[in-house]
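S.K.: fold the following for me, if possible:
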Amino acid sequence: MFKRTHNCGDLRSSEIDNKVILNGWVNKVRLHGQVVFIDLRDRYGKTQIVFNSDNYVGEFEEIKKISMEDVLSVKGLVRPRIESAVNLNLSTGEIEVLVYEFTMLNESATLPFMLDNRDNAEENLRLKYRYLELRMEELQKNLLIRHKAYQATRSFLSENQFVEVETPVLMKSTPEGARDYLVPSRVHRGKFYALPQSPQIYKQILMIAGYDRYFQIVKCFRDEDLRADRQPEFTQIDIEMSFVDEEDIFNYMEGLTKHIFKTISNINLPDSFPRITYQEAMETYGSDKPDLRYGLKLIDLKHYTDVSDFKAFSSVERVKGIIVNGGEKYSRKMIDQLTNVVKKYKAKGLAWMRLKDGSFDAGISKFFSADLQEKMQNELDIENGDILFMVGDKSKIVLNALGHLRIEIAKRDDLINTSKYYPIWVTEFPMFEYDNDNERYTAMHHPFTAPKEEDINLLDTDPSRSLSRGYDLTMNGYEIAGGSIRIHNPKLQEKIFSLLGLSKQDAIEKFGFLVEALSYGTPPHGGIAFGFDRLVMLLARTENIRDVIAFPKTTSATSLMDESPSNVSDSQLKELGIIINNSKK
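M.R.: Numbering: from 1, shown residues only. Predicted structure coming up:
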């Protein structure tokens, strides 16, 4: 190998007539008789190199055997390209390197797929050969964005007196919502560590220990069903602060988010981020992570349907709808497709009618009198050609179904401006959700979230109405961060555990060290955790979290490249005292 003098993105016209050495992969080969043009690539860029039989001193037939993804080391002379061959889209597009000596560092086997376009192969094949896919320009760009986001995060937080502290990866299993990944102990047979779902307890302990401002870019693990924006192992920017309230958290986290977007992508986010309560978000957008890049707000319609002749909605709890412009393009087939969308979310169907020539037409319009139609036109922001979609059912089903319908319509009608970013805080989440199956309350965020001070009395009378001091930062339909002001009073924490169905003994067994620590002078504190992978996904303008993780898992939590998870030997299992039971019962 020749020691390179430049990388493949360095050379410019100022280097003309200089001798250089480049190392890299063959990106493209073009044979023109006794002249061979090759694009040589490394992670910094591409340079066109030229082999000419008139100048090359070696065996020219060997040059013609060079193929895609071979690794070369070349010596050559920088010269200008002819004017017609200048490529202004390439940083090195004004020059080329005339090669007079080269070494084949490694020949590539036949590729399982071409590397010029990710759509050339199914995702599972690309994940099996992830090391090849990672050579592609798109993924290299994404991982560089991720790298820069790490640096920007550490820079901002360090400058604002946050201390980076590592917390254990092997910890005690605690009930935090999702299933734990368990790690058996060889030394303590029959006992298990858990991989942390988050460093929640540890960061609260750090506040009790007096560290005031903590952060960590940390791996977290949750054994749960996966989707495009979720992985079994993921990365958080974990943050906790003492002697703060919500306003302090919002101020610092808005500063961090603005710093990251400006540093990485030169995007200016608003000076301050708007806020919306959980209830407002659900009623207006049908989602607690609303996408504000388009309208399509949910509107109440039950006071209209109750006085109509459409009896299917007369006994339902809620009726809400969405007004969509350009309704004439919605064919019966398209409406049937949208009906299937809302049915996925337990709605019984999708009612609709279209405004045409000053009156409602088609769908369920015949059940609405002329006077009622006129009233609706006067009170709703609806115009000729618009279509009104409606869902009636229990409140939770209506909001959820229309929230997903809203997203589907925005995608179909191309309403989403992918170059815009709209952050918004969602606040005042309910403290609890009721689990009908187990007949008990579950925590909406986690059991350490403090209730609003004015709602503490409701814990004794009507816990379902109590609101929390939890908050999420959402952007473009994704939750990018979530947190809360924590409980710092041990008696209040015990009360919350009790409402969640944990006896005092259970609470001590599961969280005893935290409960005890709270009694030793705990400061008021709160924090937040950013989904780092989602943040990078937004910066990279992709909708698949696997595009911004070097070695991701599939939606079935497997790694196709290294074939994990895998079987282990009987001797390993015996050493750990584990017997595999393959029964499905």
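
S.K.: where in this protein is pLDDT low?
M.R.: Residues of the chain that meet the criterion pLDDT under 70 lie in 175-177, 226-229, 512, 584-585.

S.K.: for the lengthiest strand in the chain, buried residues please.
M.R.: For the chain, the strand that runs over the most residues, judged by DSSP state E, is strand 19-32. By neighbour count on 16 or more other CB atoms under 10 Å, the buried set for strand 19-32 is 20-27. Every residue, glycine included, has its C-beta placed from N, CA and C.

S.K.: tell me the contacts of the residue lying closest to Asn106 once chain neighbours are set aside?
M.R.: The shortest distance from Asn106 to any non-neighbouring residue, by CB to CB, 6 or more residues apart in numbering, is to Val71 (4.2 Å). Contacts of Val71 were listed using CB atoms under 8 Å, 6 or more residues apart in numbering, and they are 23-26, 104-106, 108.

S.K.: again with Lys348
M.R.: Residues near Lys348 by CB under 8 Å, 6+ apart: Asp393.

S.K.: for it, give its distance to Gln151.
M.R.: Here Lys348 is placed at a distance of 51 Å from Gln151 (CB to CB, to the nearest Å).

S.K.: before we move on, the earlier item: bridging residues for the residue nearest to Asn106?
M.R.: Beta bridges link Val71 to Trp25, Asn106, judged by DSSP bridges.

S.K.: for Cys8, see how far away it is.
M.R.: 12 Å.

S.K.: touching both of the two, which residues are there?
M.R.: Gly24.

S.K.: quick check: closest non-adjacent residue to Ile201.
M.R.: Closest to Ile201 by CB to CB, 6+ apart is Leu514, at 5.3 Å.

S.K.: shouldn't that neighbour be in contact with Ile205?
M.R.: Yes - using CB atoms under 8 Å, Leu514 is in contact with Ile205, at 6.9 Å.

S.K.: hmm, who's touching stretch 159-172?
M.R.: Outside of stretch 159-172, the residues within contact range by CB under 8 Å, 6+ apart are 154, 157-158, 183, 193-196, 199, 201-203, 206, 211-219, 239, 252, 255.

S.K.: list the buried ones in that stretch?
M.R.: Across stretch 159-172, burial judged by 16+ other CB under 10 Å covers 162, 165, 167, 171-172.

S.K.: now do stretch 543-555
M.R.: Buried residues in stretch 543-555 (16+ other CB under 10 Å): 545-549, 552-553.

S.K.: and which of those residues is nearest Glu408?
M.R.: Using CB to CB, Ile545 comes nearest to Glu408 of those, at 20.5 Å.

S.K.: now the phi/psi pair for that closest one, please.
M.R.: Dihedral pair for Ile545: phi -60, psi -20, per degrees, to the nearest 10.

S.K.: can you redo the buried residues of stretch 159-172 as a markdown table with secondary structure and distance to Ile95?
M.R.: Output for the buried residues of stretch 159-172, formatted as a markdown table (DSSP: H, G, I helix; E, B strand; the rest coil; distance: CB to CB, whole Å):
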| residue | secondary structure | distance to Ile95 |
| --- | --- | --- |
| Phe162 | coil | 46 |
| Val165 | coil | 49 |
| Thr167 | coil | 51 |
| Met171 | strand | 56 |
| Lys172 | coil | 61 |
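
S.K.: which pair in these spans the largest distance?
M.R.: For the buried residues of stretch 159-172, the farthest-apart pair by CB to CB is Phe162 and Lys172; their separation is 25.9 Å.

S.K.: in the lengthiest helix in the chain, which residues are buried?
M.R.: Counting by DSSP state H, the longest helix found in the chain is helix 137-159. Residues of helix 137-159 classed as buried by neighbour count (16+ other CB under 10 Å): 139, 142-143, 145-146, 148-149, 152-153, 156-157.

S.K.: please apply the same query to stretch 524-541.
M.R.: Buried residues in stretch 524-541 (16+ other CB under 10 Å): 524-540.

S.K.: now do stretch 344-363
M.R.: 345, 347, 350-356, 360, 363.

S.K.: phi and psi next, for the closest residue to Phe243 other than its chain neighbours.
M.R.: What sits nearest to Phe243 in space, not counting adjacent residues and going by CB to CB, 6+ apart, is Pro523, at 5.7 Å. With angles defined as degrees, to the nearest 10, Pro523 sits at phi -80, psi 160.
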